[in-house]
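[1] How does the following fold in three dimensions:
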Amino acid sequence: MAEHARAAESLNESPPEGQAAPVDEETHADDDGTEAISDPATDDAAVREDDGDDTTSVVAKRFSSITRPVALIAAAMLALIGVVGWLGYRTYEDGQTREQRNQLVEAARQGVVNLTTIDYTKADADIKRILDMSTGTFHDDFQRRSQPFMEVVKQAQSKSEGRVTEAGVESQHGNQAQVLVTVSVKMSNAGAPEQEPRAWRMRISVDKVNDIPKISDVQFVP
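    Residues are numbered from 1 along each chain as shown. Sure, this is the predicted structure:
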């Protein structure tokens, strides 16, 4: 009887069929028998990681918003420097061209003065001055004719003085130029001490030789 009573008591303590046995609310067992416990440190780390991602995104946006105008300003400055450099080079180049033109015109002017200013008392020096500033075929032709010319000047006791009234570049190609020169020439000799000035117009070809402008050709222009 006692055994039947304990068996009945045991049956009464078992949960009804279909109802699960009570489980501890605070802890439960995993499949491998290990209890799963929430780790506050891990949760905090996850939160901080999310916050860090948000902060990085904000910083990146701010950095992008700052660097974009800086890049535009830098590009504008580079473009401005390029323009200034180009203008500076053009100014320098124009200055060089203008300076070279002036040198060629001045050489033509001086060449015409030398050609038209001859004094029989110092004809040797005058002829030498013409040869020194001439080149090419003009130099060779004048040198070949210089001796007979000098004799005529001395015999006639001729004097002439030229004064340039106008000069300008007709054409220019690098170190070569053709210059139109108008000159007024006063002449005298033993038979006619006083003569009216004569106006001549010449086309003077000028070439630079060893960076020195020299007369290479002379033509009279009507």
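[2] Which helix or strand in this protein has the lowest average pLDDT?
    In the chain, no helix or strand scores lower on mean pLDDT, DSSP states H and E than helix 2-13, which sits at a mean of 45.
[3] got the contact list for the helix or strand containing Val153?
    Under the criterion of DSSP states H and E, Val153 resides in helix 136-156. Residues from elsewhere that reach helix 136-156 (Cβ atoms under 8 Å, 6 or more residues apart in numbering): 118, 120, 123-124, 127, 130-131, 134, 158, 189-191, 205, 207, 214-218. All C-beta spots, glycine's among them, are computed from the backbone N, C-alpha and C.
[4] Point out the other helices and strands that the very next helix or strand once past it packs with.
    On the C-terminal side of helix 136-156, the closest following helix or strand by DSSP H and E is strand 159-173. With contacts defined as 3 or more Cβ pairs under 8 Å, 6 or more residues apart in numbering; DSSP states H and E, the packing partners of strand 159-173 are helix 40-116, strand 118-119, strand 176-188.
[5] what comes up buried for strand 159-173?
    159-160, 162, 164, 167, 172 (16 or more other Cβ atoms under 10 Å).
[6] could you check the angle strand 176-188 makes with it?
    For strand 159-173 against strand 176-188, the angle by axes from the mean of the first three to the mean of the last three Cα atoms, to 10 degrees is 170 degrees.
[7] What average pLDDT does strand 159-173 get?
    Computed over strand 159-173, the mean pLDDT rounds to 96.
[8] Quickly run through the sheet partners of it, with directions.
    For strand 159-173, the paired strands and their directions (DSSP bridges) read strand 118-119 (antiparallel), strand 176-188 (antiparallel).
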